[in-house]
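Enquirer: Below: sequence and its predicted model.
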Amino acid sequence: MINSKEQEYRDKTFSEPLFRSPFYDFFASKETEGNWYNWNGYKSPMVLSDEELEYFSIRSTCSIFDVSPLNKYRIIGPEAEEFLNKLTVRNVVKQNAATVKYTLWCDQEGFVIDDGTLFRISDNDFRLCSQEKHLPWLIDTSYGFDVEIIDESKQICGLALQGPTSASILRLLGINEIDNLKPFHLFQTKISNMPIMISRTGFTGDLGYEIFMKNNVANKIIERIWRAGTNHGLTAIGYNALNMARIEAGFLVANIDFVSSDHAIRPNRSRRPDDLGLGWLVDLDKGFFNGKKSIVKSRLENLSTFKIYALEIDGKEPVEGSIIYYNKKDEVGTVTSAVWSPMAKKSIALAELKLDTSTSMMKNLWVEIYALKELQYFKLMKKVSIVKPPFINLARRSACPPDNY
């Protein structure tokens, strides 16, 4: 039997509300057919109005998405560069100020803990953004370095402005510096005298920007952005639309497309950068970094048994979570993310496949799908083709200056 005090504790624990970002009221006001979910303890929109319309705003006009639930760590100090060079697989020494780099960090066995974006604001001032929480790992790794690590996750909020008209909207706000802003670069400016940081980054594979600011100016800034976007098709979106775009771009998500090492229950579920198709990020020419010895050993001894591939699949049936077979009978992998791509006009997917498959096997791959027709499930075997990501390649993503749509 549960006593009254224990029941009271359980009731309080499970009724504890999720955090709400400074932009919550704004996005809730745009909800018509809303569906919300828990992202890092925040109540975040999955869908606000219509998933397809939200997706097409990314590709045809402009979308606005709340990225405040991202974990944001400020790393400051005279040895910040040296510390981050030990923590991450890329060479931070080569990263200039006012730039952003996509990166990974690994444990001592070379297994990926997480991926994220590293903003170099100035020589000794960085911000690391990640999907998962890593403050204890950062603090432990920083032992012996003259650095200060600050968790800014609840003090700094952010917006992703993504789509072909995003630059036009920012120009209307008087932010003309974007004309010279290259992809993966950043600058600091003001909107109506309120300080912000803008980077030409995003999770959609399209022209877009991420805007970071302090919580106390969030509502005023988003209202100004919304007004500026009135005639440019600005649409508030949820995660489902963003997820469609990120799959088209071939981007991975930790604990969806791969299991991060600190979440893996079974050791054989952890993956190294090469297993994720991200070996190009690893700089073995720099000095020591976490996992370097194990990554070198894995390459020398060919220890990788899995790799993530981009796939195109015949038909239109949903394939997420489906099993991949060789010759329709030998299991060789699993689909981790999938979507029907309106841009590519194809069923596309990311999947983890066994590496011991030969070239001939790669040309005889099939996905097993159970499709519901007339209240009955039918087993279908659809042909799979391995392709090179991204699934779509938009010239406007890297155009500088961006066109004024």
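Expert: Noted; the coordinates are in hand.

Enquirer: Make sure residue 337 is indeed in a strand.
Expert: Yes - counting by DSSP: H, G, I helix; E, B strand; the rest coil, residue 337 is located in a strand.

Enquirer: Next, count neighbours for it.
Expert: Around residue 337 there are 22 other residues, counting by other CB atoms under 10 Å. For glycine as for every other residue, the C-beta is placed from the backbone atoms N, C-alpha and C.

Enquirer: Now do the same contact list for it.
Expert: 243, 247, 253, 256-257, 320, 349-350 (CB atoms under 8 Å, 6 or more residues apart in numbering).

Enquirer: and what of residue 168?
Expert: Here residue 168 is in contact with 232, 404-405 (criterion: CB under 8 Å, 6+ apart).

Enquirer: from those residues, which single one is nearest residue 345?
Expert: Among the contacts of residue 168, residue 405 lies closest to residue 345 (CB to CB), at 22.3 Å.

Enquirer: possible to save the contacts of residue 337 as JSON lines with distance to residue 297 and secondary structure?
Expert: Shown next, in JSON lines, are those (distance: CB to CB, whole Å; DSSP: H, G, I helix; E, B strand; the rest coil):
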{"residue": "243", "distance to residue 297": "35", "secondary structure": "helix"}
{"residue": "247", "distance to residue 297": "33", "secondary structure": "helix"}
{"residue": "253", "distance to residue 297": "28", "secondary structure": "coil"}
{"residue": "256", "distance to residue 297": "28", "secondary structure": "coil"}
{"residue": "257", "distance to residue 297": "24", "secondary structure": "coil"}
{"residue": "320", "distance to residue 297": "34", "secondary structure": "coil"}
{"residue": "349", "distance to residue 297": "31", "secondary structure": "strand"}
{"residue": "350", "distance to residue 297": "27", "secondary structure": "strand"}
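
Enquirer: Can you select the buried ones among these for me in PyMOL?
Expert: Burial among those is assessed by 16 or more other CB atoms under 10 Å; the matching PyMOL selection reads:
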select buried, resi 243+247+253+257+349+350
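
Enquirer: quick check, nearest of the contacts of residue 337 to residue 378?
Expert: Closest approach to residue 378 among these (CB to CB): residue 320, at 17.6 Å.

Enquirer: Just want to check the distance between the closest residue to the closest one other than its chain neighbours and residue 383.
Expert: Spatial nearest neighbour of residue 320, excluding adjacent residues (CB to CB, 6 or more residues apart in numbering): residue 338 at 4.1 Å. Distance check for residue 338 against residue 383: by CB to CB, to the nearest Å, it reads 15 Å.

Enquirer: Neighbour count: those two, which is higher?
Expert: residue 338 (21 against 14).

Enquirer: The more buried one: what's it in contact with?
Expert: Residue 338 is in contact with 247, 313, 318-320, 322, 347-350, counting by CB under 8 Å, 6+ apart.

Enquirer: wait, which of those residues is closest to residue 371?
Expert: Relative to residue 371, the closest of the contacts of residue 338 is residue 318; by CB to CB it sits at 8.1 Å.

Enquirer: Surely the closest one touches residue 369?
Expert: Yes - Residue 318 is within contact range of residue 369, at 7.5 Å (criterion: CB atoms under 8 Å).

Enquirer: Pick out whichever of the two has more residues nearby.
Expert: Using other CB under 10 Å as the criterion, residue 318 and residue 369 rank with residue 369 on top: 20 against 17.

Enquirer: can you tell me which residues contact that one?
Expert: Applying CB under 8 Å, 6+ apart to residue 369 gives the contacts 315, 317-319, 322, 379-382.

Enquirer: I'd assumed residue 296 was in a helix, is it?
Expert: Yes - assigned with three-state DSSP, residue 296 falls within a helix.

Enquirer: nearest residue to it other than its sequence neighbours?
Expert: Sequence neighbours aside, residue 284 is the residue nearest to residue 296 in space, at 6.6 Å (criterion: CB to CB, 6+ apart).

Enquirer: Report the secondary structure state of that neighbour.
Expert: coil.

Enquirer: thinking it is in contact with residue 295, fair?
Expert: Yes - counting by CB under 8 Å, residue 295 is a contact partner of residue 284 at 7.5 Å.

Enquirer: Tell me which of these two has more neighbours.
Expert: Neighbours were tallied for residue 284 and for residue 295 using other CB under 10 Å; the higher tally belongs to residue 295 (23 against 12).

Enquirer: Distance of that one relative to residue 301?
Expert: For residue 295, the distance to residue 301 - CB to CB - is 11 Å.

Enquirer: Likewise for residue 63?
Expert: As for residue 63, its distance to residue 301 is 45 Å (criterion: CB to CB).

Enquirer: Pick out whichever of the two has more residues nearby.
Expert: Higher neighbour count among residue 63 and residue 301: residue 63, with 31 against 8, using other CB under 10 Å.

Enquirer: so who does that one touch?
Expert: By CB under 8 Å, 6+ apart, the contact set of residue 63 is 54, 57, 160-163, 204, 234-237, 241-242.

Enquirer: Most neighbours among those residues, please name it.
Expert: Per-residue neighbour counts (other CB under 10 Å) across these peak at residue 163, which has 32 neighbours.
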